[in-house]
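Trainee: Below is the sequence, then the predicted model.
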Amino acid sequence: MLESMKNRLVVSVQAYPGEPMRDPRTMAQIALAAELGGAAAIRCQGLADISAIKGQVSVPIIGLWKEGSEGVYITPTLRHARACSMAGADIVAIDATRRPRPDGRTYAETVAALHDEGIVVMADCGSIGDAEMAYEAGSDILSTTLSGYTGEREKTAGPDLELLRQMVEQFDRPVLCEGRVHTPDQARSALDAGAWSVVVGTGITHPTSITSWFVQALETGKE
Ligand SMILES: CC(=O)N[C@H](C=O)[C@@H](O)[C@H](O)[C@H](O)COP(=O)(O)O
């Protein structure tokens, strides 16, 4: 499965609470459209979206479950991770920071329990320290997802290529570049920096943000 994602694009299909597109059917339609465009895998959030998307696409699904938006919120507990797998996720993405987890388990304990059940784990890291921990714990995939969101690294305008390079150099495991990849050129730079795959969310699947980028460009320099 990981080989099928090598050097390719993964599309993250997510809508946030209260947004107009927050509906599993809509998310599944967008996921299918992304697959038709050549996405090698789909990343998606929430049990209903995971199931709906699983029913539409044939590429692998990276599932996660967000609980809130502060602290450890990306698949914060073992229970959330198991549920993502049962809903149809082929890979489960979980918070891989060194912060305390709401169920009191360590990251390593969580990964060990998931591996016992045959679940493939993607580690959403925010720094090189997180990535070291995630690597040691045996995570199947490492990613830069949380860089810029945990206070450990600056929130760069584009992807955190510096962290990506460090991770690729240090760890003999697939490293996915995720977070603020907004253009095809940035995606290409991430592959050139050694990313196994590049994950793009907002830049492809969040029309409100994309619209606002155009609006801002038109407003810049206006009298
Ligand atoms: C930090 C966090 O919660 N990231 C989330 C993780 O699933 C999503 O909100 C992002 O859209 C995803 O990582 C893709 O990134 P971008 O949308 O920047 O291409």
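Mentor: Thanks, I have it.
Trainee: make it CA atoms for all contacts and neighbour counts henceforth
Mentor: OK.
Trainee: Do I have it right that residue 39 meets residue 10?
Mentor: Yes: using C-alpha atoms under 8 Å, residue 39 is in contact with residue 10, at 5.4 Å.
Trainee: So for these two, which residue has more residues nearby?
Mentor: Counted by other C-alpha atoms under 10 Å, residue 39 and residue 10 do not tie: residue 10 has more neighbours, with 28 against 21.
Trainee: Please report the distance of that one from the ligand.
Mentor: Counting by C-alpha to the nearest ligand atom, to the nearest Å, the gap between residue 10 and the ligand amounts to 10 Å.
Trainee: Identify the bridge partners of that residue.
Mentor: Listed beta-bridge partners, residue 10: residue 41, residue 199 (assigned using DSSP bridges).
Trainee: isn't it right next to residue 197, touching?
Mentor: Yes: applying C-alpha under 8 Å as the test, residue 10 and residue 197 come out as touching, 6.8 Å apart.
Trainee: can you list residues touching both of the two?
Mentor: Common contact partners of residue 10 and residue 197 (C-alpha atoms under 8 Å, 6 or more residues apart in numbering): none.
Trainee: Residue 101: what secondary structure?
Mentor: coil (DSSP: H, G, I helix; E, B strand; the rest coil).
Trainee: Dihedrals phi and psi, it?
Mentor: Main-chain dihedrals, residue 101, degrees, to the nearest 10: phi -100, psi 150.
Trainee: Might you report the residue contacts of it?
Mentor: Contacts here follow C-alpha under 8 Å, 6+ apart; on that basis residue 101 touches 72, 76, 77, 107.
Trainee: what about residue 172, how many neighbours?
Mentor: The tally of other residues near residue 172 (other C-alpha under 10 Å) stands at 9.
Trainee: actually residue 209, not the one I wrote
Mentor: 13.
Trainee: Leaving out sequence neighbours, find the closest residue to it.
Mentor: Spatial nearest neighbour of residue 209, chain neighbours left out: residue 202 (6.8 Å); criterion: C-alpha to C-alpha, 6 or more residues apart in numbering.
Trainee: And that neighbour, how far from residue 116?
Mentor: Distance of residue 202 to residue 116, computed by C-alpha to C-alpha, to the nearest Å: 34 Å.
Trainee: neighbour-wise, which of the two wins?
Mentor: Shown here are residue 202 and residue 116; by other C-alpha under 10 Å, residue 202 has more neighbours (20 against 8).
Trainee: circling back to that earlier point, contacting residues around the residue nearest to residue 209?
Mentor: By C-alpha under 8 Å, 6+ apart, residue 202 lies in contact with 12, 180, 182, 209, 210.
Trainee: Give the buried subset of the residues you listed as a PyMOL selection command.
Mentor: The PyMOL command for the buried members of those (criterion: 16 or more other C-alpha atoms under 10 Å) is given here:
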select buried, resi 12+180+182
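Trainee: Just the contacts of residue 202: which are in strands?
Mentor: Residues of the contacts of residue 202 located in strands (DSSP state E): residue 12.
Trainee: Contacting the ligand as well, which ones from the contacts of residue 202?
Mentor: Counting by C-alpha under 6 Å from any ligand atom, 12, 180 from the contacts of residue 202 sit close to the ligand.
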